[in-house]
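Peer 1: compute the structure for the input listed below.
(2 chains)
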Amino acid sequence: MIDSGFLNIALPKGRLGEKVYAMLEKAGYPCPEVLGESRKLIFENPDAGVRYFWVKPSDVAIYVERGAADLGVAGKDILLEYEPDVYELTDLHTGVCRMAVAAKKGFKDDPEKTLRVATKFSHIARGYYAGKGRDIDIIHLNGSIEIAPILGLSDVIMDIVETGTTLRENDLEVIEEVLPISARLIANKAGYRFKYEAVKELERKIANGKG
Amino acid sequence: MKINDPAGRFISFAEQTAASLRALYGTFGYEPYKMSKFEEYDLYARNKEFLISDSIITFTDTDGRLMALKPDVTLSIIKNADVSALRSTKLFYSENVYRVSGGSGRSDPHSGGGMFREIMQTGLECIGKIDAYCLAEVLYLAAKSLDTVSSEYVLDIGQLDLLFKAVDNVSVDPMVQAELLKCAEGKNVHEIMRIAKENGADEAAAGLLASLVELYGRPCDTLGSVRAAAEKLGMIEEYAQFEKMLKALRGTGVSDNIRIDFSIVSDRNYYNGIAFKGYVNGVPERVLSGGRYDRLMEKLSKKGGAIGFAVYMDSLERLGGAGNVKSEVETVRYGADDEPGDVLAAMIRRAANRSGRYRAEAADND
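Peer 2: Okay, here's the model as predicted:
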């Protein structure tokens, strides 16, 4: 773990991270440099007692679980897929979307055949279909999931759906809703103890709608 | 021969700590317990939920029995130790175990998580007759063990019977209970409320569980809330024992580092009563874990109760600072004409001051 004087916060690169930073800034944890054009990776504001760093969204949980960050913001999809050993303190109600199963329009599931599911979220998919007692074949892909049913690689996909535009443009449609997704504030279990007051204060300020 | 390495140049921090812990446990009358590296696989297969990781290294012994490299110490001790419900058997150990390590989740699948490792574990077990004193003593020794590692430590203590009852009040469905316990472990209060609502549970019962899970702090600041929760759960007797045990720790020098935490979850088929975890500043995960496991005793047909804990020495690798940095080796040259006895005497003289490192080498080795 690094410098115990600061609250170290891992932000997910991209639009979600920027939204969350805006919440934190409003809650009293500003560090304007964060949104600048600089190629710096770590930004700190000693007055506010925070240090931010941008990391790949799927890596946030690793930084937090291993104590490089005390706090982080990760999507519920990442938390369910990788099950990191962290505290999930708050639903930030931002980055709201849903995990869904989609297929080519007009797709009819034949329960006598193994269902081929293309997804980045193998663990979630396995659990979801196990709960339904459905025999599946997981095809783990790292991106461009939508193309899999079009090319006949899979019968369905399980993926994050925000507006559904990508699906519509590729002649796909949602056939099952799996679960709602939003960004969560997570904490390292040791950091939570040794910086308890600071963590709770940040949590409280965000919950009070100051963010 | 007594090992004298005050600068900690050759004995790692974890090894020094293990030695100090053994001395601490021995001082309190715990007897050393040495066991075989192997155990019949069947013992673990029947008690997989008791293990931190259910992955086990197995092999077939020469007589055809399926054996396992020990993934856990407690099961072997309970199975093999001479236990009586009329007296406390107090044992300590320092053993290597073999299990998958590197984070309990799967967040880091490419960097050692999910791989077998040899892990040194030091701990103690108090089995057989367990009274209020035994509980207080084990908690005290757990706190002192953490203090041996670092003065910046916390020992979190929870009470599983209260937690399980609070969960039972929300739902009797084992699947829902498992989800609720998972949320409890992650202090995930918002999901507890969501799951309860989705399953049509009583909102007050869900709120009570959520308030217990969220609770964290010194006993003096939190016991009032625990008592109020225990009253609502009809478990005032369990609360009274919990409070008595914490009171016993007052004035022992460790109570400032004790926190109440109901997010400590253990398998209810094995554990009951108190559960605890220890953390030291600088290590991102728990370094000590323990609790009461009377139900494991029942499962293994042993009389009496049991309580114990383990300190995970692999977690301490990164602690210890510069003491582990080895100094440069000074070469002592000797020629072909030098008497070996003279060279040896010169080396012994140098080594006697123990501040440097010396290596005798033939001059013509260049």
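
Peer 1: going forward, measure contacts and count neighbours with C-alpha atoms only.
Peer 2: Noted.

Peer 1: flag the shaky bits of the stretch 1-150 of chain B, pLDDT-wise.
Peer 2: B:1-9, B:101-113 (pLDDT under 70).

Peer 1: helix, strand or coil: sort out the nearest residue to B:Tyr358 once chain neighbours are set aside for me.
Peer 2: In this structure, B:Tyr358 finds its nearest non-sequential neighbour in B:Glu330, 4.7 Å apart by CA to CA, 6 or more residues apart in numbering or on different chains. Recorded secondary structure, B:Glu330: strand (DSSP: H, G, I helix; E, B strand; the rest coil).

Peer 1: what does the longest strand along chain A contact?
Peer 2: Assignment by DSSP state E gives strand A:172-181 as the longest strand of chain A. Contacts with strand A:172-181, where a contact means CA atoms under 8 Å, 6 or more residues apart in numbering or on different chains, come from A:75-77, A:95-105, A:128, A:146, A:164, A:167.

Peer 1: and that strand, how far out from the chain's middle?
Peer 2: Relative to its chain's centre, strand A:172-181 lies at 16 Å (CA atoms, centre = their mean, to the nearest Å).

Peer 1: that strand pairs with which strands?
Peer 2: strand A:97-104 (antiparallel) (DSSP bridges).

Peer 1: quick check: mean pLDDT across the partner strand?
Peer 2: For strand A:97-104, mean pLDDT is 95.

Peer 1: pLDDT of stretch B:199-212, averaged?
Peer 2: 95.

Peer 1: equivalent analysis for stretch A:65-76, please.
Peer 2: Here the average pLDDT along stretch A:65-76 is 96.

Peer 1: and it, anywhere near chain B?
Peer 2: Yes: counting by CA under 8 Å from any CA of the partner chain, chain B is contacted by stretch A:65-76 at A:Glu65, A:Arg66, A:Gly67.

Peer 1: strands of chain A, residue ranges please.
Peer 2: Using DSSP E, strands in chain A cover A:7-12, A:42-45, A:50-55, A:71-75, A:87-91, A:97-104, A:115-119, A:136-140, A:156-161, A:172-181, A:183-187.

Peer 1: next, the buried residues of the longest one.
Peer 2: Same thing as strand A:172-181. Neighbour counts over strand A:172-181 (16 or more other CA atoms under 10 Å in any protein chain shown) mark A:Leu172, A:Glu173, A:Val174, A:Ile175, A:Val178, A:Ile181 as buried.

Peer 1: from these, which is closest to chain B?
Peer 2: A:Ile181 (12.1 Å; CA to the nearest CA).

Peer 1: can you give me the strands for the stretch 51-200 of chain B?
Peer 2: Ranges of strands in the stretch 51-200 of chain B, per DSSP state E, counting those that start in this stretch, are B:58-60, B:66-69, B:88-101, B:115-128, B:153-159.

Peer 1: packing partners for the first one?
Peer 2: Okay, so that is strand B:58-60. strand B:66-69 (3 or more CA pairs under 8 Å, 6 or more residues apart in numbering or on different chains; DSSP states H and E).

Peer 1: let me see the contact set for the residue in the stretch 201-350 of chain B positioned nearest to chain A.
Peer 2: The stretch 201-350 of chain B approaches chain A most closely through B:Pro284 (4.7 Å), counting by CA to the nearest CA. By CA under 8 Å, 6+ apart, the residues touching B:Pro284 are A:Met1, A:Glu65, A:Arg66, A:Gly67, A:Asn188, A:Lys189, A:Ala190, A:Gly191.

Peer 1: okay, A:Gly211: pLDDT?
Peer 2: 43.

Peer 1: typo on my end, it should be B:Val283
Peer 2: So, for B:Val283, pLDDT stands at 93.

Peer 1: same check on the one 3 residues further on?
Peer 2: Here the pLDDT value assigned to B:Arg286 is 94.

Peer 1: make sure it is indeed in a helix.
Peer 2: No: under three-state DSSP, B:Arg286 sits outside any helix and is assigned coil.

Peer 1: for burial, what's the neighbour tally of it?
Peer 2: B:Arg286 has 17 neighbouring residues, counting by other CA atoms under 10 Å in any protein chain shown.
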